[in-house]
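[1] Build me a model:
(2 chains)
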Amino acid sequence: MTRFDKLASYLAAIRYRLIIPFIALASISVSGSGYERVAGFERTYTPRGPAHLVISNVSGSIFVRAWNKKTINVRASGPSSGSVEDRVVRDEISITVRRDLRLDRVDFDVSVPSDTSLSLRNVMGKIEIQGVHGYLSVNSFDSDVRLVGTRSRSVDVKVTSGDVYFDGELQNDGSYTLQSIRGDIDVIIPSASSFSLSARAMSENINLGDFLTSLGGITRWAKGISGTHQKGGPKLNLTTYAGRILLHKK
Amino acid sequence: MVCNHCQELISDYIDGALELGEQAKVENHLSDCEPCRAVRDDLLQLVHFSRQLPSHTPSSAVWTRIQAQIEAERPATAWARIQTWMGRVQGRHFDFSLPQLAAGVAVFVVLFSGSAMLFRGASTDQANMADMGGAAGTSLRANPLSNPDIQQIEHRINELKQSVEQRKVSWQPELRFTFDRNMYYVEQSLLECRQQLSGNPDDQVAQELMLNAYREKVRLLEGFEKF
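    You can find the predicted model right below:
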């Protein structure tokens, strides 16, 4: 018997001993992951109080609107190869699209009670939130972000490339941070709003519209302006590097 | 959009110099056109590669030669021009009437008082800026990069960069492109902040923007480290 024959017979002997545990291990890891196919993913959650919804997407849009019901409905659409996982811990609901080497597009269509807080994460794809008043946090890289009809006390939007649009009302002592490295920051608020403004634009392109004439305590720099409107209060921090800052009265 | 037109615009697209409409058209075309995507990926590789090249300081002999060339090509110094003009004026004879002289004096008074007001305004602005710079506890005055915050952030960036570079090899081209493009925007912003600060190290807003751009770089790397 040659050395090669000995090796072949040894491998044949251990093959079945290895394959069975391997299959068992693989099946455990798949069932334990909690991921399921995106196609046809739809869930309805019934939180006891104001909930916190976290959506971590990779590529695709996230659209969230407020409705009158007390439930949260999440629908995802995308290719059958994509997978998504949901976890619920008390009133915190986390929905995560699996990150792998493929970049499958997954679109989310979500309806929530208006007092829901949202943390939305994405790599690329549009994000829109309508009429939600809980804390809002949006963290993405290549996304246009639109916040419409919001009365949240805390808004934090950070994108690397993409425009940020805010149309809503500022709340007392609220904090509103909108930032894009390459994109416009477009803010529309009622003309009677009180706020403390800090606008920074590396491009030096800041247009405060009619607010400029009614802004007090103005401090100007080459690439920024700070000031107070009415009584001050809510902090409005707007930052862009290659883009414009536009502030309009509603 | 046809391929020729797209490939003409790709360089500007990578530089972020296209209008949003044109950018959208290019992206639309790229999403359907494999050859143009290949051109884009090649160009991105070039941009990245060239950014990693070491910078060389030219020898003093090169500077001397450049200076000599500039001197030789310079038409005349400002002082030489003034002397020529004075020479021409001296050779002439002027006659002014009383109203002409009065108008001349009035113009002089207006110009003098205007420039004095401008000068005073500029001094006040500078004083205000100096006050604000002094008040900032975390001022990055002398050398923005010597600030401990930024050093700490740079350390973190280097760690993350290593990790991302290892993973990047296995990424899909679209993901790689998205990362490279966004990283390019952040790098450009940092570069602009540095340029602004090299001209005016006390620029408080530029300091703030630079620190913020560093944080953005960390955010970007952390976001892509998970792939």
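
[2] Does anything pack onto the helix or strand hosting residue B:174? Which helices or strands?
    Element membership of residue B:174 [criterion: DSSP states H and E] is helix B:173-199. Judged by 3 or more CB pairs under 8 Å, 6 or more residues apart in numbering or on different chains; DSSP states H and E, the packing partners of helix B:173-199 are strand A:154-161, strand A:175-182, helix B:34-52, helix B:148-168, helix B:204-225. C-beta coordinates here come from the backbone N, C-alpha and C atoms, glycine included.

[3] end to end, how far does stretch A:156-171 reach?
    Using CA to CA, to the nearest Å, one end of stretch A:156-171 lies 14 Å from the other.

[4] where's that stretch relative to the chain centroid, distance-wise?
    Stretch A:156-171 has its C-alpha centroid displaced from the chain centroid by 11 Å (CA atoms, centre = their mean, to the nearest Å).

[5] again, but for stretch A:93-112
    Here stretch A:93-112 is found 11 Å from its chain centre; the criterion is CA atoms, centre = their mean.

[6] One more: stretch A:157-174?
    For stretch A:157-174, the separation from the chain centroid amounts to 12 Å (computed by CA atoms, centre = their mean).

[7] cool, stretch A:37-48 as well?
    Offset of stretch A:37-48 from its chain centre (CA atoms, centre = their mean): 18 Å.

[8] near chain B, which residues of chain A show up?
    Residues of chain A lying close to chain B (CB under 8 Å from any CB of the partner chain) are A:99, A:101-103, A:123-124, A:139, A:141-142, A:158, A:160-161, A:179, A:181-182, A:200, A:202, A:219, A:221-224, A:239, A:241-242.

[9] Which residues of chain B lie near chain A?
    Proximity of chain B to chain A is confined to B:16, B:128-129, B:132, B:170-172, B:174-175, B:178, B:181-182, B:185-186, B:188-189, B:192-193, B:196, B:203-206, B:208-209, B:212-213, B:216, B:219-220, B:223-224, B:226-227 under the rule CB under 8 Å from any CB.

[10] rerun at 6 Å
    Proximity of chain B to chain A is confined to B:170, B:172, B:174-175, B:178, B:182, B:185-186, B:189, B:192, B:205, B:209, B:216, B:220, B:226-227 under the rule CB under 6 Å from any CB of the partner chain.

[11] What values do phi and psi take at residue A:183?
    Recorded main-chain torsions at residue A:183 are phi 170, psi 170, according to degrees, to the nearest 10.

[12] for it, what are its contacts?
    Contacts here follow CB atoms under 6 Å, 6 or more residues apart in numbering or on different chains; on that basis residue A:183 touches A:161-163, A:243.

[13] same thing with residue A:188?
    A:167, A:248, A:250.

[14] switch to 10 Å and redo it
    With contact taken as CB atoms under 10 Å, 6 or more residues apart in numbering or on different chains, residue A:188 is in contact with A:148, A:165-168, A:209, A:246-250.

[15] If any of those residues are buried, put those into a ChimeraX selection.
    Only the buried entries of these go into this ChimeraX selection, using 16 or more other CB atoms under 10 Å in any protein chain shown:
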select /A:165,166,167,168,246,247
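
[16] which two from the contacts of residue A:188 end up farthest apart in space?
    In the contacts of residue A:188, two members sit farther apart than any others by CB to CB. They are A:148 and A:209, at 18.9 Å.

[17] coming back round to it: what about the contacts of residue A:188, which are in strands?
    A:148, A:165-168, A:246-249 (DSSP state E).

[18] returning to what we had before: whichever of the residues of chain A next to chain B end up buried, select them in ChimeraX.
    Here is the ChimeraX command that selects only those of those that count as buried (16+ other CB under 10 Å):
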select /A:103,123,124,139,141,142,158,160,161,179,181,182,200,202,221,223,224,239,241,242
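
[19] circling back: next, format the contacts of residue A:183 as CSV and append pLDDT.
    Listed next are the contacts of residue A:183 as CSV, based on pLDDT from 0 to 100:
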residue, pLDDT
A:161, 97
A:162, 97
A:163, 98
A:243, 96
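
[20] Quick check: residue A:189 vs residue A:239, distance?
    From residue A:189 across to residue A:239, the span is 17 Å (CB to CB, to the nearest Å).

[21] Same check on residue A:36?
    39 Å.

[22] got the domain boundaries for the chain?
    Went with chain A since none was named. According to automatic domain parsing, chain A comprises the domains A:1-33, A:36-249.

[23] To clarify, I was referring to chain B.
    When chain B is parsed with automatic domain parsing, its domains come out as B:3-49, B:102-135, B:144-225.

[24] What are the boundaries of the helices in chain A?
    A:3-33, A:211-214 (DSSP state H).

[25] thought residue B:167 was touching residue B:225?
    Yes. The pair residue B:167 / residue B:225 is scored as a contact, 7.1 Å apart, by CB atoms under 10 Å.

[26] low-confidence ranges in chain B?
    B:45, B:48-60, B:62, B:73-147 (pLDDT under 70).

[27] ok, now with 90
    The model of chain B has pLDDT under 90 over residues B:1-152, B:168-174, B:202, B:204, B:226-227.

[28] check contacts around residue A:50.
    With contacts defined as CB under 10 Å, 6+ apart, residue A:50 is in contact with A:91, A:112-117, A:133-135.

[29] how long is stretch A:59-73 from one end to the other?
    Counting by CA to CA, you get 20 Å between the two ends of stretch A:59-73.

[30] no wait, stretch A:131-149
    For stretch A:131-149, the end-to-end distance is 5 Å (CA to CA).

[31] try stretch A:102-112
    Using CA to CA, the end-to-end distance of stretch A:102-112 comes to 30 Å.

[32] List the buried residues for that stretch?
    Of all the residues in stretch A:102-112, those buried under the rule 16+ other CB under 10 Å are A:103-108, A:110-112.

[33] cool, and stretch B:199-209?
    Residues of stretch B:199-209 classed as buried: B:201-209 (neighbour count, 16+ other CB under 10 Å).

[34] How about stretch B:8-18?
    Across stretch B:8-18, burial judged by 16+ other CB under 10 Å covers B:9-10, B:13-14, B:18.

[35] Excluding covalently adjacent residues, which one is nearest to residue B:156?
    Counting by CB to CB, 6 or more residues apart in numbering or on different chains, residue B:218 is the residue found nearest to residue B:156 once chain neighbours are left out, at 5.8 Å.

[36] what's the most distant pair in the residues of chain B next to chain A?
    Greatest spatial distance in the residues of chain B next to chain A: B:170 and B:205, 40.3 Å, computed using CB to CB.
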